[in-house]
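Q: Kindly return the folded structure for what I paste below:
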Amino acid sequence: MRLKVDVEVLINGRKFTICGYESEEYIQKIASYINSKYNELKGMEGYSKLDSDLRNVLLQINIADDYQKVSGALVELEKEKEMGEKSAFDIKHEMVLMQTKNGQLEKEKKDLGEKLNQQEKEIIKLQASQERLEKELKEARGKAEELPKQRGDNERLRKELKEAREKAESAEKNQSKQRSDNEQLRKELKEARDKVESAEKNQSKQQSDNEQLQKELKEARDKAESAEKNQSKQRSDNEQLQKELKEARDKAENIEMNQTKQRSDNEQLQKELKETREKAETLEKEKKEVQTKLEEKDKEVIRLQGELKGRRR
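A: Okay, the predicted model is just below:
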């Protein structure tokens, strides 16, 4: 429990002994503040003609006015603090959404890789089918050359040729399906690139919001410092007013501490935004590589189609 102290102060040219639980330095500051208010009033025209009661009332009105101004400033600071906390929450929420989108992009990239592997397998099958068809066609030609000697085998050869043609038509249908799959892959790649561009735009907006938030926090901090300076000049000569003014100063200090934490959180958010932007750039590079591979496979499919058409002719 704090002990009471007796402090002798000089107020308006008169000595007083004030007893209280606050420190001597604090009580002297209160006395200095009251003296400053007396000096302000003495500079007013007609003040010296007022009686002592009116002078005391005028002094109390001025002190109450200072207190109301400080209280209003603290209310504004608390509102700005709440707005800053809400902005930080919105930024964190948007970061979670960005991370979710990046996860979706990575999944789409994996799916595209699997489709690319499937396409390579289909191309290998087409090549094997082409080799088999070439072999069958070669055998058919050899058998056709022996037709004069093997007329009895005509019907069997026709059947084999028909089967060869059906297989060639089936291979052509598979290639058509492959082309359709390639077009679908290209469409999915385009959608993935659009999503990455949208993510980059959102990150740019996020950065702009952070800069605006920092500016607003700086203004709030300046206002808090200004309020703190005004508080040092505004104290009451009665115990209740002293207590309320002390609570106001404690609130201002608490707001300043919260603003410092807010700045630290914003710096962390900027760091996370930078990492997210780097991930998006990496995904874009990987998608470009997948697109290049798909284009190479398209060219290979077109070449195989040309060769199959040449064989059929």
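
Q: Give me the residue at the spatial middle of this structure.
A: In the chain, the centroid-proximal residue (Cα atoms, centre = their mean) is residue 95; its distance is 3.6 Å.

Q: Run through the stretch 1-150 of the chain and note the low-pLDDT ranges.
A: Residue ranges of the stretch 1-150 of the chain with pLDDT under 70: 1, 144, 146-150.

Q: do that again at 80, thanks
A: 1-2, 137, 140-150 (pLDDT under 80).

Q: those strands in it, which residues are they?
A: With DSSP state E, counting those that start in this stretch, the ranges of strands along the stretch 1-150 of the chain come out as 5-11, 14-20.

Q: most tightly surrounded among these?
A: strand 5-11 (a mean of 14; mean count of other Cβ atoms under 10 Å). Yep, even glycine has a C-beta here, placed from its N, CA and C like the rest.

Q: Just the angle for that one relative to strand 14-20, thanks.
A: Angle of strand 5-11 versus strand 14-20, following axes from the mean of the first three to the mean of the last three Cα atoms, to 10 degrees, is 150 degrees.

Q: partner strands of strand 5-11, parallel or antiparallel?
A: strand 14-20 (antiparallel) (DSSP bridges).

Q: Now the partner strand - C-alpha only, PDB.
A: Extracted C-alpha coordinates of strand 14-20, given in PDB (Å, rounded to 0.1, in the frame of the first residue of the first chain):
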ATOM      1  CA  ARG A  14       0.400  31.400  -1.800                       C
ATOM      2  CA  LYS A  15       1.900  28.400   0.000                       C
ATOM      3  CA  PHE A  16      -0.200  25.300   0.400                       C
ATOM      4  CA  THR A  17       0.500  21.800   1.900                       C
ATOM      5  CA  ILE A  18      -1.100  19.100  -0.200                       C
ATOM      6  CA  CYS A  19      -1.500  15.600   1.300                       C
ATOM      7  CA  GLY A  20      -1.900  12.600  -1.100                       C
END
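
Q: What lies in contact with that strand?
A: The contact list for strand 14-20 (Cβ atoms under 8 Å, 6 or more residues apart in numbering) reads 4-10, 27, 31, 239.

Q: Pretty sure residue 195 sits against residue 101.
A: Yes: counting by Cβ atoms under 8 Å, residue 195 touches residue 101, with 6.8 Å between them.

Q: Work out for me the element residue 288 sits within.
A: helix 239-312 (DSSP states H and E).

Q: Show me what that helix is packed up against.
A: Packing partners of helix 239-312 (3 or more Cβ pairs under 8 Å, 6 or more residues apart in numbering; DSSP states H and E): helix 52-145, helix 154-231.

Q: Distance to residue 15 for those helices - can I get that in a markdown table?
A: As requested, the helices and strands packed on helix 239-312 are exported to a markdown table (distance: least, Cβ to Cβ, whole Å):
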| stretch | distance to residue 15 |
| --- | --- |
| helix 52-145 | 17 |
| helix 154-231 | 26 |
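
Q: for residue 83, what are its contacts?
A: Residue 83 touches residue 216, counting by Cβ under 8 Å, 6+ apart.
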